[in-house]
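*Asks:* here you go, sequence then predicted model.
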Amino acid sequence: MIPGNLYIIATPIGNLGDITFRAIETLKSVDLVLCEDTRVAKRLLDHFKIERTTESYHQHSSLKKTGHIADLLREGKNLALVSDAGTPGISDPGNKLIESLISIFGNDLKVVPVPGPSAVAAALSICGFPSDRFVFVGFPPAKNKRKKFFEGAMGYSFTTVFYESTHRIIRTLEEIGSFEPDKLRRVVVCRELTKQFETIYRGTVAEAANILKKGIIKGEFVFVIEGRLTGN
Ligand code: SAM
């Protein structure tokens, strides 16, 4: 018995024009689309006139759900997984499902990447810092252990990228500022990438904080920090 394929499909992070031909073709071809949020996915599918059945799969989905997905694959059904935006598995659901399914089917299961937009790659591509090597550290914790998180994030000699919630942008700049003694490290704060109000703030950590404090802080953000300067 050869199971159906599981396609991991990247979707736009804002601008719908960023969807790939292959993403559309694959979404049209599968038997079922697993979605982080079916309402969000429905808007995307409707926009591209893709008529496919959807089912939810998110970070709190149960083992029973995984069992159901395994049954569908066993029946030879081809499935797609999409998250709300960007690439599934990158700070989004996906990995746990893949791990569980591989433990069931082993190498018989074809997990097929359909690559495309991701906020981390978009931010890195315009930062201007070296990115032949980089570190991506996901989201800082909302409350506890932030100090430890930023101490770690500011300690890398490679360009370091993280996501942050819109409510904590200034606080985050102040926190990272406290981990660099000579105040020379540069940061690129990317807001609303690929969207109407896309804004890129560049400067030292303090300069970026000053500019951002003057504006309205709204939308989605990615931080890119220059690697630790030699001598620090
Ligand atoms: N899997 C997604 C990816 O590949 O980009 C990331 C999902 S994560 C739950 C969502 C976070 O990504 C947001 O809180 C924000 O930090 C970042 N993000 C997503 N879209 C963005 C955009 N258009 N501009 C800036 N940051 C974005």
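*Replies:* All right, it came through fine. Since this is a predicted model, take the numbers as computed values, not measurements.
*Asks:* correct me, but residue 54 touches residue 39?
*Replies:* No. Applying Cβ atoms under 8 Å as the test, residue 54 and residue 39 come out as separate, 9.3 Å apart. Just so you know, the C-beta spots here come from the backbone N, C-alpha and C atoms, and that holds for glycine as well.
*Asks:* so the two - more neighbours on which side?
*Replies:* Ranked by neighbour count (other Cβ atoms under 10 Å), residue 54 and residue 39 place residue 54 first, with 17 against 10.
*Asks:* could you measure from the more buried one over to residue 40?
*Replies:* 10 Å (Cβ to Cβ, to the nearest Å).
*Asks:* also residue 194?
*Replies:* Counting by Cβ to Cβ, the gap from residue 194 to residue 40 is 16 Å.
*Asks:* what's the closest non-adjacent residue to the residue nearest in space to the middle of the chain?
*Replies:* With distances taken as Cα atoms, centre = their mean, residue 90 lies nearest the centre of the chain, 4.3 Å away. Computed as Cβ to Cβ, 6 or more residues apart in numbering, the closest residue to residue 90 that is not its neighbour in sequence is residue 118, at 5.5 Å.
*Asks:* next one, pLDDT for that neighbour please.
*Replies:* pLDDT recorded at residue 118 is 98.
*Asks:* isn't it right up against residue 86?
*Replies:* Yes. In terms of Cβ under 8 Å, residue 118 counts as a neighbour of residue 86; the distance is 4.7 Å.
*Asks:* these two: who's more crowded?
*Replies:* residue 86 (24 against 21).
*Asks:* so for that one, what's the pLDDT?
*Replies:* 98.
*Asks:* quick check: phi and psi at it.
*Replies:* Per-residue torsions, residue 86: phi 80, psi -150 (degrees, to the nearest 10).
*Asks:* touching, it and residue 94? I think so.
*Replies:* No. At 10.8 Å, residue 86 does not count as touching residue 94 under the criterion of Cβ under 8 Å.
*Asks:* neighbours around residue 1, how many?
*Replies:* Residues near residue 1, counting by other Cβ under 10 Å, number 8.
*Asks:* state the pLDDT value of it.
*Replies:* With respect to pLDDT, residue 1 scores 82.
*Asks:* may I see the domains of the chain written out as residue ranges?
*Replies:* 6-114, 119-225 (automatic domain parsing).
*Asks:* got those as a markdown table, with distance to the ligand columns?
*Replies:* Output for those, formatted as a markdown table (distance: least, Cβ to the nearest ligand atom, whole Å):
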| stretch | distance to the ligand |
| --- | --- |
| domain 6-114 | 2 |
| domain 119-225 | 3 |
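*Asks:* flag the shaky bits of the chain, pLDDT-wise.
*Replies:* Scanning the chain with the threshold set as pLDDT under 70 gives 231-232.
*Asks:* tell me where it has helices.
*Replies:* For the chain, the helices defined by DSSP state H cover 21-29, 38-47, 63-74, 95-105, 119-127, 146-153, 169-177, 205-214.
*Asks:* in JSON lines: the ones you listed, plus distance to residue 183.
*Replies:* Converted to JSON lines, the helices of the chain look like this (distance: least, Cβ to Cβ, whole Å):
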{"stretch": "helix 21-29", "distance to residue 183": "43"}
{"stretch": "helix 38-47", "distance to residue 183": "40"}
{"stretch": "helix 63-74", "distance to residue 183": "49"}
{"stretch": "helix 95-105", "distance to residue 183": "37"}
{"stretch": "helix 119-127", "distance to residue 183": "19"}
{"stretch": "helix 146-153", "distance to residue 183": "15"}
{"stretch": "helix 169-177", "distance to residue 183": "7"}
{"stretch": "helix 205-214", "distance to residue 183": "6"}
